[in-house]
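1. What follows is a predicted structure for the sequence shown.
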Amino acid sequence: MAADISSPPKKPILLVTGLSGAGKSTVLRTLNDLGWEVVDNLPLLLLDRLLATELPGGGDDTRPLAVGFGAETRGFDAEKIVRRIKRMREEHGREIGTLFLDCAGTELERRYNETRRRHPLALDRPAADGVARERELLAPLRAFANRLIDTTDLSSNDLRAQIRANFGGDHFEPVLSVMSFGFARGIPRNADLVFDLRYLRNPHWVDELRPGTGLDADVAAYVMGDPGYHTIEQIESLLFELLPRYRAEGKGNVTVAFGCTGGRHRSVHVADRVAGRLRAEGFSPTVTHRDLATAPQDALERAPVAR
């Protein structure tokens, strides 16, 4: 009897639509943070072509896809879109879900007034006119959608949490980066947490250590010999406390930066050590040493003072 070889699963597809101002952009950003491939305002006529296109090199075709569209999308016709979705399900053999974002008209009017934006379907009229017209245009999609979220009483954080709960499962992890840098070349612009390590004694002022880096054992031993080095354990404890909270809040990227003066000794050693501790605790950080290749220069370093 021949073995039953199942075909590999195809990517889940979610069409995201709803009333303008109800939170479509928030939903798509959250799905993107969760690892979904996201396309916004793609004409539905092109969705067939997107699904039929093979990934180069036989790449992974299982990454979820979210496609955002609305009444302002080119060629929009709700009834035709419903028929097209049904046909795509049959022709492509894929499960295509539809998420509709609804919201009370009074709340949408408040949001437009608060942001001073014009409704896309009422550029020269009150927002209420655009909301009413859009609700009428979208009615067939609202009735067809197999998922509906009413965002009237939801904040952006509440909506993100609901999307993570519905589509993220238990596997969402923020992208965690640990980096070292030198204050002499500026603080990294994308850093979320910055720790200044210039309170530790500086290997730069030891002649035999100056050419080395924080990745060398003798440099590391010198830094670890500082009486204040025990504070690194406190920083690690803080990160073990904060990172699960960032994950619970749906933060997509977390960058932890350690700085010293030149970015070659203290910060390099500590970033490498902390990344190792994080891995031991089940995290998966990437490590970057921004200024490791810079040349040592006395003019950039502070001369040691008596403690």
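-> Now that the structure is in, tell me what you want to look at. Residues are numbered from 1 along each chain as shown.

2. for the stretch 151-300 of the chain, what are the low-confidence residue spans?
-> 169-173, 298-300 (pLDDT under 70).

3. what's near enough to touch the closest residue to D33 other than its chain neighbours?
-> Using C-beta to C-beta, 6 or more residues apart in numbering and skipping residues adjacent in sequence, the residue nearest D33 is G252, 3.5 Å away. In short, each C-beta sits where N, CA and C put it, glycine included. With contact set as C-beta atoms under 8 Å, 6 or more residues apart in numbering, G252 has these partners: 32-33, 174-175.

4. can you check F167 too?
-> Per C-beta under 8 Å, 6+ apart, neighbours of F167: 14, 31, 34, 36, 64.

5. give the contact list for R266.
-> 197-198, 200, 202-203, 214, 223, 258, 260.

6. Excluding sequence neighbours, find me the nearest residue to it.
-> C260 is the one closest to R266 (C-beta to C-beta, 6+ apart), at 3.9 Å.

7. Now do the one you found: how many residues are near it, please.
-> 31 (other C-beta atoms under 10 Å).

8. ok, it touching G182?
-> Yes: at 6.5 Å, C260 counts as touching G182 under the criterion of C-beta atoms under 8 Å.

9. buried ones in the stretch of helix or strand A275 belongs to?
-> Per DSSP states H and E, A275 falls inside helix 266-280. For helix 266-280, a neighbour-count test (16 or more other C-beta atoms under 10 Å) marks 266-275, 277-278 as buried.

10. Dump the residues you listed into TSV; add distance to E72 as well.
-> Converted to TSV, the buried residues of helix 266-280 look like this (distance: C-beta to C-beta, whole Å):
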residue	distance to E72
R266	54
S267	49
V268	51
H269	54
V270	50
A271	46
D272	50
R273	52
V274	47
A275	45
R277	49
L278	44
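
11. what's the closest of those to N157?
-> Nearest to N157 among the buried residues of helix 266-280 is L278, at 25.9 Å by C-beta to C-beta.

12. Can you name the residues that contact that closest one?
-> L278 neighbours (C-beta under 8 Å, 6+ apart): 176, 178, 236, 239, 243, 285.

13. if we go to 7 Å?
-> 239, 285 (C-beta atoms under 7 Å, 6 or more residues apart in numbering).

14. Counting neighbours, which of the contacts of G252 comes out on top?
-> D33 (20 neighbours).

15. For it, give me phi and psi.
-> phi -60, psi -30 (degrees, to the nearest 10).

16. Same check on the one 4 residues further on?
-> Per-residue torsions, E37: phi -80, psi 130 (degrees, to the nearest 10).

17. who does it bridge with?
-> Assessed by DSSP bridges, E37 has beta-bridge partners L65.

18. Spit out the contact partners of it.
-> 63-65.

19. Buried ones among the residues you listed?
-> Looking at these with 16+ other C-beta under 10 Å, the buried ones turn out to be L65.

20. Looking at the contacts of E37, spot the one nearest L209.
-> R63 (46.9 Å).

21. so what's the closest one up against?
-> Counting by C-beta under 7 Å, 6+ apart, R63 has contacts 11, 37.

22. could you dump the contacts of F167 to TSV with distance to D218 and pLDDT?
-> TSV is the format used below for the contacts of F167 (distance: C-beta to C-beta, whole Å; pLDDT from 0 to 100):
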residue	distance to D218	pLDDT
L14	55	91
L31	48	90
L34	44	82
W36	47	88
P64	49	87
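
23. Considering the residues you listed, which possesses the most neighbours?
-> Counting by other C-beta under 10 Å, top hit in the contacts of F167: L31 with 24 neighbours.
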